[in-house]
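*Asks:* I'd like to go over a predicted model; first the sequence, then the structure.
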Amino acid sequence: MEEYAKHCALDGRLVMVGFGSIGQGVLPLILRHIEIAPERITIVTADERGRAEAEHYGIRFIKEPLTRENHRAVLDPLLGRGDFLLNLSVDVSSVALVELAAEKGAMYLDTCIEPWPGGYTDTSVSPSLRSNYALRESALAVRQRHPDAPTAVITHGANPGLVSHFVKQALLNIAEDTGRDITPPTTREGWAALAKDLAVKVIHIAERDTQISSVPKRRGEFVNTWSIDGFVSEGSQPAELGWGSHEKTFPADGSRHDFGSGAAIFLNRPGVTQRVRTWTPMEGPFHGFLITHSEAISIPDYLTVREGGEVVYRPTVHYAYHPCDDAVKSIHEFAGKNYVQQETQRLIMDEIIDGVDELGVLLAGHEKGAYWYGSQLSIEEARQLVPFNSATSLQVCVAVLSGMVWAIENPGRGVVEPDEMDYRRCLDICMPYLGPVVGAYTDWTPLEGRNKLFPEDVDSSDPWQFKNIRVI
């Protein structure tokens, strides 16, 4: 049997809420790298998926959907001081679980900020209030209510999460390649000053998933390589992006929020209907979907420079996601049915026969043009590294592991976002599971090939304006 390094020990109990593809994929990593006996782990989930895996490891499995009414009664006897609540669910309020963990003295981690069912699409509230921006503000407000609570790491999967650490490493790589000091900053202000000094205008979370299945998508079926419910929920929210200080043209369908940090805006349309131009090393140029994600808000907020209370620097930040080809077909069908989800869903795992999930960050507008830094993990390598995983799930799962380790090592920090964590510690834990991690410069810009077939309204004075990146 291969011996794996134990990064830390969890002396208390671990409660896992949700046991879909990410829960099933992260469990072997937890048992490998965190010292905890299986009998101190409990899984609470809404359906039977994963029961065989839990029984294989000798872990208690409770099928009990959590609701607004019952979540405290179900979780209260399972949690106490020194325990860990790992939330990998959908349709369970993250803020409610953060509050409960704080009250019980337990640590906490999730991969996104979830509302109760309907929170993403409740038309009785404004698009602003059903945005990730609003969900983030509600989670950060727990800091004020529980300032001395155990560490609660919010939004720490691959993205949001791992990509915030990629951004910091990419900033240092660009600094080194342009002859600047490469001593890592130790404060938010230091990282923001570095991004400003480098003149980074744009940060894309640029992802291209090329994994393919031996079973093609059928009519009336939604196919994906990760949570279908999660993807549909995100895609139904307004398209959101951090709004940079260099932007000259505000979108005609854009809106600002009248509360919070002001770091982001939203478009009055679902994310699955908005495409953007971006670039990755293996794929080259492509159109990705501007799906809302918390990192599109937390990263620009973290990198904002203010002078006299006024914003003098902030990059534009957003997701630019091309999922696997069958998922693209699924999105088109979903949108064409006026956002009514298909009756059949298929999460592909064992039937994947080829492909790579190329996930990284594209930092652009600086003196060297654009620089992508990230993971190029193939399905073959993912299967060799950890059971119950695809390339997509493993990038998330190892980030969950690293976030748990960091929380256990830093147990009294209260509510924490990825941008506030030790990027180096998290990357060191993740690197063995990310396949090739590469950095690549490109002279590509979103103006490449424009105005050839038809006249277009572009800003040729600055390629990195959002109006040039957006696909109309």
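*Replies:* Yep, that arrived.
*Asks:* In CSV, could you pull the C-alpha coordinates for the lowest-mean-pLDDT helix or strand in the chain?
*Replies:* Between all helices and strands in the chain, the lowest mean by mean pLDDT, DSSP states H and E belongs to helix 228-236, at a mean of 92. In CSV, the C-alpha atoms belonging to helix 228-236 read as follows (Å, rounded to 0.1, in the frame of the first residue of the first chain):
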residue,chain,number,x,y,z
ILE,A,228,-25.7,19.5,-12.8
ASP,A,229,-27.9,21.2,-10.2
GLY,A,230,-25.0,23.4,-9.3
PHE,A,231,-24.3,24.4,-12.9
VAL,A,232,-28.0,25.1,-13.7
SER,A,233,-28.3,27.2,-10.6
GLU,A,234,-25.2,29.3,-11.3
GLY,A,235,-26.1,29.6,-15.0
SER,A,236,-29.6,30.9,-14.1
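*Asks:* What residues of that helix count as buried?
*Replies:* 228-236 (16 or more other C-beta atoms under 10 Å). Where you see a C-beta, it was placed from the backbone N, CA and C, and this is true even at glycine.
*Asks:* cool, stretch 308-315 as well?
*Replies:* Neighbour-count burial for stretch 308-315 [16+ other C-beta under 10 Å]: 313-315.
*Asks:* Tabulate the CA atom coordinates of that stretch in CSV.
*Replies:* Provided in CSV are the C-alpha atoms of stretch 308-315 (Å, rounded to 0.1, in the frame of the first residue of the first chain):
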residue,chain,number,x,y,z
GLY,A,308,-8.7,59.1,-0.1
GLY,A,309,-11.6,56.7,-0.2
GLU,A,310,-11.7,56.7,-4.0
VAL,A,311,-10.9,53.6,-6.1
VAL,A,312,-7.8,54.3,-8.2
TYR,A,313,-7.2,50.7,-9.3
ARG,A,314,-9.2,47.5,-9.7
PRO,A,315,-9.0,44.8,-12.3
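*Asks:* all strands for the stretch 251-400 of the chain, in order.
*Replies:* Per DSSP state E, counting those that start in this stretch, the stretch 251-400 of the chain carries strands over the ranges 254-256, 264-270, 275-280, 284-289, 305-307, 310-313, 316-322, 344-347, 352-354, 356-366, 369-378.
*Asks:* Can you redo those as JSON lines, where the extra columns are distance to G18 and mean pLDDT?
*Replies:* Below are these laid out as JSON lines (distance: least, C-beta to C-beta, whole Å; pLDDT from 0 to 100):
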{"stretch": "strand 254-256", "distance to G18": "32", "mean pLDDT": "98"}
{"stretch": "strand 264-270", "distance to G18": "24", "mean pLDDT": "97"}
{"stretch": "strand 275-280", "distance to G18": "29", "mean pLDDT": "98"}
{"stretch": "strand 284-289", "distance to G18": "24", "mean pLDDT": "98"}
{"stretch": "strand 305-307", "distance to G18": "38", "mean pLDDT": "98"}
{"stretch": "strand 310-313", "distance to G18": "37", "mean pLDDT": "98"}
{"stretch": "strand 316-322", "distance to G18": "22", "mean pLDDT": "98"}
{"stretch": "strand 344-347", "distance to G18": "14", "mean pLDDT": "96"}
{"stretch": "strand 352-354", "distance to G18": "22", "mean pLDDT": "98"}
{"stretch": "strand 356-366", "distance to G18": "21", "mean pLDDT": "98"}
{"stretch": "strand 369-378", "distance to G18": "23", "mean pLDDT": "98"}
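*Asks:* out of the ones you listed, nearest to T121?
*Replies:* strand 264-270 (9.3 Å; C-beta to C-beta).
*Asks:* Taking strand 284-289 as reference, get the angle to that closest one.
*Replies:* Direction vectors for strand 264-270 and strand 284-289, defined by axes from the mean of the first three to the mean of the last three C-alpha atoms, to 10 degrees, enclose an angle of 70 degrees.
*Asks:* check contacts around the residue nearest to K368 when sequence neighbours are not counted.
*Replies:* What sits nearest to K368 in space, not counting adjacent residues and going by C-beta to C-beta, 6 or more residues apart in numbering, is Y441, at 5.6 Å. By C-beta atoms under 8 Å, 6 or more residues apart in numbering, Y441 lies in contact with 177, 368-371.
*Asks:* which of the residues you listed tops the neighbour count?
*Replies:* Counting by other C-beta atoms under 10 Å, A370 has the largest number of neighbours within those, with 25 neighbours.
*Asks:* follow-up on the earlier one: go through the buried residues of stretch 308-315 and say which is closest to A52.
*Replies:* So of these, ranked by how close each gets to A52 (C-beta to C-beta), first place is P315, at 45.3 Å.
*Asks:* looking at it, that closest one is touching L198, isn't it?
*Replies:* No. Between P315 and L198 there is no contact under C-beta atoms under 8 Å: 10.0 Å.
*Asks:* Which pair in the contacts of Y441 has the greatest spatial separation?
*Replies:* D177 and A370 (12.7 Å).
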